[in-house]
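J.: Test case, fold it:
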Amino acid sequence: MLCNPFMNLDPALALAIDRVEHQLLQRPLSPIERRILERSWYGQTYTEMAQDSIYGSGYIKAVGSQLWAQLSTALGVRVTKKNLRLTLVAELHHRTDPNPGILELRDQRWSVAQGQLPVPGVPLPLDSPFYIERPPIEQSAYAALDTPGCALRLRAPSKMGTSSLLARVLARAAVLGYVTVEIDCQEAEIATLGSLSRFLRWVCATVSRYLNLSVDLNEYWDEELGSKVSCKLYFESFIRQQLDAPLVIAFTELHRLFEFPHVASEFLGMLRFWHEQAQRSPLWQQLRCILSYATDNDAPLDLAESPFNIGISLRLPPFTPDQVTLLAERYQLVWDARATGQLMQMVGGHPYLVSLAFYHLRSNDVRLDELLATAATPAGIYSYHLRGYLTILREQLSLAIALRQAIDSENQQPLDAIAAHRLESLGLIELVGERARITCQLYQHYFSAQLAETEPASYGIALVATESIDIVTQLPNHAVLRQYLQDSWLAWLNSSQAIAILLAGVDRFELYNAARGRATGDSCLRRLTLLLHRIVPDAAILARYDGAQFAVVVKAIPATALAIAEQMRASCVALNLTYDRTDAERARIDELLTLSVGVACWLPPALISPPQLLATAETALYEAKHKGGNCALLVQPQPDGE
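T.: From the prediction side, this is the model:
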């Protein structure tokens, strides 16, 4: 007989069900309603609920939607499957605590045996004993909510706990009687994020639906006034007139918007204006904005200066030794100060890395000495986490060079400012004045080995200085590519292997750059760089050739090279980047940004030189663009003497 994991309800869920039946709905839940509520509490999808049920997922979803609508009416706020747990826990605290304050662990006698271990890296529920406060972060965030018109920024590298902190801040806001709305930028389509007007309309529509408000956005949208003014009028004329309490809007996963600098700059500038309006307008004092984002994808430096630097900024710190020890107690581990010191030395108090270690120790998967011995190896528990960073470093060679410089303890030269900013945003280094130091031994050991192994063989280029790197794309530049071809040519002749050069150029990039601005143009090139990294073979060389052109050098016969080129072309279209519509109509081209690729291939024993092969690839690219663009074309070089 299968064990039902929901048979023994946790105390908070039992209280929530009691509140729903006896006070909110004032009726008993039906068996199917109770099942949906319980499983939604634990984060199951409707499909998962249907797997061991006689009901289909469609029926379960319909019953769930009716239940959420009834709870929304009873509570006066929008209840969804996603925010059910947060809303009901906030309701419990609001009704049972006569002096609302910081949410605390209610039952200190909680036992690991009474529930499942939390999955490391997943946001922790409000009632989780595994949430460890990091004073004064929580207190500062709660205090910010009391400030009329406040703007609060929660930022940290990925998996540092911003989502768990945000859940507690929103719960605190609910306890204070504020209306809360969470807007997750992950839910927005790329086309929406790339257009300011579409993004602001999406924000307004999301707020309205979250609050169960019926509205026709067209009544407030005036293209002549502009989308920012229309959005402001919408909030002033509609939402604020419908609410009698402060409104807290939390924008999460905001780093997704940074991929579109022109939209991010305008949107953040609008929020800055609203924040300034609160200094003199009682209406705007009712609005509180929370911006939560991972610094791994931090804003470009020009955005980081202004208008992004608004309100109160809170960067989550790593755990202290006392906090690591407290979390070990929550996991009910046999633990002492020496063990804390050993783990801290290895992972530096990173919440996710600490939690992952405790998860495996509590599950009896590994002993502490074994865990530490293999931590920085491919066989260790952190291998997936480390490979993610290694991928970034291999795609952005200037960062790899800067990190090697920081690892070298004998090197006292300051790092390049831009590279240092990115490495700190990733959480790989700490800046002390102008000097940088590696965050923890885990990164020191792993990247010392990995970067040593991959330089210069896997890159194929001896990079001795950041001058060899294109500043926008972090790729080897045109001069390095030519030198590489010259240095490698004799070896290729002796190996009798076919060599192909692919030159890819963005079609009519000058139109895109002129309409969107240089910052957005640079962002487009960076996105194409990441795309090409995923397509070209590992042994290939990818470089920025000139302007909006990229070069790929790969050992391949013509058919293989042409297939790679076609994949590059098709993948660019799939990015769904667009020209300005007016420019596209004037130029009589499709609105989508496209890529043309010219291919030239050397087949032994033909006698040609590197400049000849490169010139042939340039000719192929020119002919592809002359055909209208958005195509891949192969041109074979003519050997010397023919």
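J.: what's the burial count for Gln279?
T.: Around Gln279 there are 10 other residues, counting by other C-beta atoms under 10 Å. (Glycine included, C-beta is placed from N, CA and C.)
J.: Please apply the same query to the one 5 residues further on.
T.: Neighbourhood size, Trp284 [other C-beta under 10 Å]: 20.
J.: tell me which residues in the strand or helix carrying it are buried?
T.: Assigned by DSSP states H and E, Trp284 belongs to helix 282-285. Of the residues in helix 282-285, those buried by neighbour count under the rule 16 or more other C-beta atoms under 10 Å are Trp284, Gln285.
J.: What of stretch 334-345?
T.: Using 16+ other C-beta under 10 Å as the test for burial, stretch 334-345 gives Trp335, Ala339, Thr340, Leu343, Met344.
J.: With secondary structure and distance to Ser208 as new columns, can those residues be given to me in JSON lines?
T.: Formatted as JSON lines, these follow (DSSP: H, G, I helix; E, B strand; the rest coil; distance: C-beta to C-beta, whole Å):
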{"residue": "Trp335", "secondary structure": "coil", "distance to Ser208": "50"}
{"residue": "Ala339", "secondary structure": "helix", "distance to Ser208": "52"}
{"residue": "Thr340", "secondary structure": "helix", "distance to Ser208": "49"}
{"residue": "Leu343", "secondary structure": "helix", "distance to Ser208": "47"}
{"residue": "Met344", "secondary structure": "helix", "distance to Ser208": "47"}
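J.: So which of these is the closest to Leu353?
T.: Distance to Leu353 across the buried residues of stretch 334-345 (C-beta to C-beta) is lowest for Leu343, with 8.7 Å.
J.: List the contacts of the closest residue in space to the closest one that isn't next to it in sequence.
T.: Counting by C-beta to C-beta, 6 or more residues apart in numbering, Leu343 lies nearest to Ala357, which is 6.1 Å off, once chain neighbours are set aside. Contacts for Ala357 (C-beta atoms under 8 Å, 6 or more residues apart in numbering) come out as Leu343, Val347, Leu368, Leu371, Ile381.
J.: Let's verify the last one: helix, strand, or coil?
T.: Just to be clear, that refers to Ile381. coil (DSSP: H, G, I helix; E, B strand; the rest coil).
J.: From what I see, it and Leu372 are in contact.
T.: No: between Ile381 and Leu372 there is no contact under C-beta atoms under 8 Å: 10.4 Å.
J.: quick one: the strands in the stretch 51-200 of the chain?
T.: Remark: strands assigned in the stretch 51-200 of the chain by DSSP state E, counting those that start in this stretch are 151-156, 179-184.
J.: try the chain
T.: Taking DSSP state E, the strands of the chain run over residues 151-156, 179-184, 247-252, 287-294, 312-315, 429-432, 435-438, 499-506, 541-546, 549-554, 595-602, 632-634.
J.: Out of those, which one sits most buried?
T.: Highest mean neighbour count among the strands of the chain (mean count of other C-beta atoms under 10 Å): strand 595-602, with a mean of 27.
J.: Partner strands of that strand, with direction?
T.: Strand 595-602 has its sheet partners listed here by DSSP bridges as strand 499-506 (antiparallel), strand 632-634 (parallel).
J.: Any regions of the stretch 301-450 of the chain where pLDDT drops low?
T.: Along the stretch 301-450 of the chain, the model assigns pLDDT under 70 to residues 301-308, 395, 409-413.
J.: So what's the gap between stretch 154-166 and the chain middle?
T.: 11 Å (C-alpha atoms, centre = their mean, to the nearest Å).
J.: same question but for stretch 435-447, I mixed them up
T.: 23 Å.
J.: Can you give me the first-to-last residue distance of it?
T.: Stretch 435-447 has its terminal residues 19 Å apart, counting by C-alpha to C-alpha, to the nearest Å.
J.: sorry, back to before: which of the strands of the stretch 51-200 of the chain has the lowest average pLDDT?
T.: Per-segment mean pLDDT for these reaches its minimum on strand 179-184, at a mean of 90.
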